[in-house]
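Asker: this one's structure only:
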């Protein structure tokens, strides 16, 4: 077990090293230095610079050093907890990243807090009786909601609840400090898009368990149906959804970009997109590494959890 | 599909003969190639541009009839195919429809079902005064063409690597699997943002980005299937005959991994459509002024966030949702039918 975890952690470090090196290599091109210059000085401002002044500007930003020296410096700094400096926001990357990750974390917390009970309940209800009316309606709702991309769901919710009924604000920039009302629409969008997938996985797992020998035996023994479901079926049916739910973390980091941009929520996804459009290399680096870390780490948790939960794997 | 074609009929009907794989591929090509030429290279033809699409019209209709006939037992697949073919058909015939030029500004902020400047606008106009109906219908072309092309390329690359990794194994497998693991450890949208930002924003670069994002997952599926098939007798027979590994991969393995891949492809077409719309909305995808659903959403979200004008957001959002619903239902139906066989 420990060996498995250590091997996966080693893989993760290797992947992050490769990713950060490739990113440095890619963003070292002249095109990107020009992009930063255009964004900072304006296209017209850049044209008025002489070659010498441009070189001076590069060295003032520390961009004239060869990329491998910069990479090694950066690795050394990251190991000491210094993520570099944001060209666009003019601040340290570390605190910026922390702030944005916390904001996205709040979003993610509510998404999971709502999505997991809804998806599991619907999935179990549907899987209990395969082919029944409740199964069909749950399947239909899940296909429908997962077929609407986040951007479409966000639009429908905004039009109905913000523009039409006026119950909730249409934008979630939180300029006046934290406001839970601004959190409702982004969370609802992500939950609506995501719960269908988990519900379908739960349904499939539940349906499989319900056809197994021990459930049939339990029913034939005369145990009340409710108890068969709660005591015998649920335990085994919820192993597979567990891994799926943990892996949703990875998906959430993708889905969060468009939702945050649409609602102007100042989270991790919006930061990454802004940084990419600006060419803000240290923010891109830190953001990508954080994303890869979350993705790989959730993978490890899901593998380890699956092994712990499933006795057939644990003891083999 | 082939199940109905093999039915022991005394004289196979015309439709049955058309359902054979060879004719199906021909029909798909007849529908697809004109669309690709029209959207990607249309600017080279200038005036004769619309004629390119003519062979695609009957091919699309015929494919729809054949799909209905083959999938009739599964209602889900029928609904899905109807949605998908509706948009396919629109993509093919849209230049021949009596629509207003989608890029021509006429009367800004005209509400749906109202008349302005002697023109009746079914779905109103956008903030520049361009006809929404025309833009929504034209918008499907770019999404469909780039989306399907990107998925196709991702599948070709993913399948090739998957066959190599699964069949040859050893170092090939180690290297390919490691690269795939690196790419799979990115959240998809992060990967898209990085690649499109590096390469610049165009349709061809979307194809590359989608390939990077989807091919590793396809590779894993195909690798697993190839590992399973590799030890079958007919593969040993081919090895004993002294066939070249490439020949074995293409002729012996490929046809046998086809089934599961087709269902996965339908789902992935949905993902790619979402991705393209989303990327355009984020300003990383296809560029203005040509109509595109993601672009319409982006422009409307920036200019007209008022209930009265919410049709500008709803129309493209409904369009893209219906196309993706079609792909998903088709995948569900196909999976259901493959389980039944």
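Answerer: That came in fine, so what should we check first? All values derive from a computational prediction rather than experimental measurement.
Asker: residue ranges of the strands in chain B, please?
Answerer: Along chain B, counting by DSSP state E, strands occupy B:114-116, B:119-121.
Asker: what's the most buried one of the ones you listed?
Answerer: Stretch with highest mean neighbour count among the strands of chain B: strand B:119-121 (a mean of 15; mean count of other CB atoms under 10 Å in any protein chain shown). The way it works is simple: take the backbone N, C-alpha and C, and place the C-beta from them, glycine included.
Asker: neighbouring strands for that one, and are they parallel or not?
Answerer: Partners of strand B:119-121 in the sheet, by DSSP bridges, are strand B:114-116 (antiparallel).
Asker: lowest-pLDDT helix or strand in chain A?
Answerer: One helix or strand of chain A scores below all others by mean pLDDT, DSSP states H and E: helix A:311-314, with a mean of 66.
Asker: quick one on the thing from earlier: adding mean pLDDT, write the strands of chain B out as CSV.
Answerer: Shown next, in CSV, are these (pLDDT from 0 to 100):
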stretch, mean pLDDT
strand B:114-116, 76
strand B:119-121, 76
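Asker: Got the domain ranges for chain B?
Answerer: Annotated domains of chain B cover B:14-96, B:114-340 [automatic domain parsing].
Asker: Can you add distance to residue A:145 and give these back as JSON lines?
Answerer: Listed next are the domains of chain B as JSON lines, based on distance: least, CB to CB, whole Å:
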{"stretch": "domain B:14-96", "distance to residue A:145": "16"}
{"stretch": "domain B:114-340", "distance to residue A:145": "10"}
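Asker: most packed of these?
Answerer: Of those, domain B:114-340 is the most buried (mean count of other CB under 10 Å), at a mean of 20.
Asker: Can you give me the end-to-end span of that domain?
Answerer: 51 Å (CA to CA, to the nearest Å).
Asker: Residue B:312 is nearest to which of the strands of chain B?
Answerer: Residue B:312 lies closest to strand B:119-121 among the strands of chain B, at 12.1 Å (CB to CB).
Asker: what residues does chain B put near chain A?
Answerer: By CB under 8 Å from any CB of the partner chain, the part of chain B that sits against chain A consists of B:181-182, B:185-190, B:193-194, B:197-198, B:270, B:273-274, B:277-278, B:281-283, B:294, B:297, B:301, B:305-307, B:310, B:313-314, B:317-318, B:320-321, B:324-325, B:328-329, B:332.
Asker: redo that, cut-off 7 Å
Answerer: By the rule CB under 7 Å from any CB of the partner chain, the part of chain B lying against chain A is B:181-182, B:185-190, B:193-194, B:197-198, B:274, B:277-278, B:281-282, B:297, B:301, B:305-307, B:310, B:313-314, B:317, B:320-321, B:324-325, B:328-329, B:332.
Asker: ok, is the strand or helix carrying residue A:240 in contact with chain B or not?
Answerer: Secondary structure from DSSP states H and E places residue A:240 in helix A:239-263. Yes. Using CB under 7 Å from any CB, helix A:239-263 reaches chain B at A:250, A:253, A:254, A:257, A:258, A:261, A:262.
Asker: which one of those sits closest to residue A:269?
Answerer: Closest approach to residue A:269 among these (CB to CB): residue A:257, at 3.5 Å.
Asker: how far away is residue B:246 from residue B:180?
Answerer: Between residue B:246 and residue B:180 the distance is 21 Å, computed by CB to CB, to the nearest Å.
Asker: Same check on residue B:41?
Answerer: Using CB to CB, residue B:41 is found at 32 Å from residue B:180.
Asker: same check, this time on residue B:195
Answerer: Shown here: residue B:195 relative to residue B:180, a distance of 16 Å by CB to CB.
Asker: what do you get for residue A:299?
Answerer: Residue A:299 is 13 Å from residue B:180, by CB to CB.
Asker: so what pLDDT did residue B:176 get?
Answerer: As predicted, residue B:176 sits at a pLDDT of 92.
Asker: Thought residue B:162 was touching it, still the case?
Answerer: No. Counting by CB atoms under 7 Å, residue B:176 does not reach residue B:162; the two are 8.2 Å apart.
Asker: Quick check: neighbours shared by the two?
Answerer: Residues touching both residue B:176 and residue B:162 comprise residue B:219, with contact defined as CB atoms under 7 Å, 6 or more residues apart in numbering or on different chains.
Asker: So which residue is smack in the middle of the chain?
Answerer: Since no chain was named, I'll use chain A. Taking CA atoms, centre = their mean, the centroid of chain A lies closest to residue A:253, which sits 1.9 Å from it.
Asker: Oops, wrong one, chain B.
Answerer: Nearest to chain B centroid, counting by CA atoms, centre = their mean: residue B:148, 2.7 Å.
Asker: Tell me where the model's unsure across chain B.
Answerer: Applying pLDDT under 70 to chain B flags the ranges B:1-12, B:341.
Asker: if we can go back for a sec, quick one: the residue nearest to the centre of chain A and residue B:304, what's the gap?
Answerer: Taken as CB to CB, the span from residue A:253 to residue B:304 is 30 Å.
Asker: And residue B:313, by the same measure?
Answerer: Distance from residue B:313 to residue B:304, by CB to CB: 8 Å.
Asker: what do you get for residue A:217?
Answerer: Note on residue A:217: its distance to residue B:304, by CB to CB, is 62 Å.
Asker: likewise residue B:243?
Answerer: Applying CB to CB, the value for residue B:243 to residue B:304 is 63 Å.
Asker: how about the helices in the stretch 101-250 of chain A?
Answerer: Taking DSSP state H, counting those that start in this stretch to define them, one finds helices in the stretch 101-250 of chain A at A:133-147, A:150-157, A:181-210, A:213-220, A:225-227, A:234-237, A:239-263.
Asker: So what's the residue count around residue A:151?
Answerer: Using other CB atoms under 10 Å in any protein chain shown, residue A:151 is surrounded by 29 other residues.
Asker: quick one: it and residue B:159, what's the gap?
Answerer: The gap separating residue A:151 from residue B:159 is 30 Å, by CB to CB.
Asker: now residue A:100
Answerer: 38 Å.
Asker: and what of residue A:145?
Answerer: In this view, residue A:145 and residue B:159 are 31 Å apart by CB to CB.
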